[in-house]
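Asks: Sharing a model prediction with you, sequence too.
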Amino acid sequence: MTAEFIAAQRTDHGVPHAVACRALGVAPSTFYKHLDRSLTDQQVCRQATDAEVKRAFDRFQGTYGSPRVRPQLRRDGMSVSKKTVEASLARQGLCIRPKKKKGLTGQGPAHAAPEDLLSWLDGA
């Protein structure tokens, strides 16, 4: 990840890699070692998990969090833990959109109290 940043600084801003390495405290040999390195198995698995979590999250319009996304992923045949789903959601910056609360009663003149239909019992 640091090698990608150094390479981006070099291409985007013209900062030589030696200067960026010195500023970050990274040896230039480490930069070259990681520059052409392929993704590890863990990184590939994490990317696949992130894609599936994002797909399940988008399927429910962003209203499902990790407690509901995980069972959906399990139904789809993916075995993941709750913490893995939570970490994936956090890593991608996905947070649930709260549902709108629907009130049963309102306030104001349009929502006046109903007429007391049992008032005749008081006089009997």
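Replies: Good, I have the coordinates. Keep in mind the model is a prediction, meaning the values are calculated, not measured.
Asks: CA atoms for contacts and neighbours, from now on please.
Replies: Fine.
Asks: got the residue ranges for the helices in this structure?
Replies: Remark: helices assigned in the chain by DSSP state H are 2-13, 17-24, 28-35, 41-59, 66-75, 82-92.
Asks: Switch those helices over to CSV; also include distance to Lys100, mean neighbour count and mean pLDDT.
Replies: Formatted as CSV, those follow (distance: least, C-alpha to C-alpha, whole Å; neighbours: other C-alpha atoms under 10 Å; pLDDT from 0 to 100):
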stretch, distance to Lys100, mean neighbour count, mean pLDDT
helix 2-13, 41, 15, 81
helix 17-24, 47, 15, 85
helix 28-35, 48, 14, 82
helix 41-59, 18, 15, 91
helix 66-75, 18, 17, 90
helix 82-92, 22, 15, 91
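Asks: For Glu115, find the nearest of these.
Replies: helix 66-75 (43.7 Å; C-alpha to C-alpha).
Asks: I would like the residues contacting the closest one, please.
Replies: With C-alpha atoms under 8 Å, 6 or more residues apart in numbering as the test, helix 66-75 has contacts from Glu52, Val53, Ala56, Phe57, Ser79, Val80, Ser81, Lys82, Val85, Glu86, Leu89.
Asks: Try it again at 7 Å.
Replies: Residues outside helix 66-75 that contact it (C-alpha atoms under 7 Å, 6 or more residues apart in numbering): Ala56, Phe57, Lys82, Val85, Glu86.
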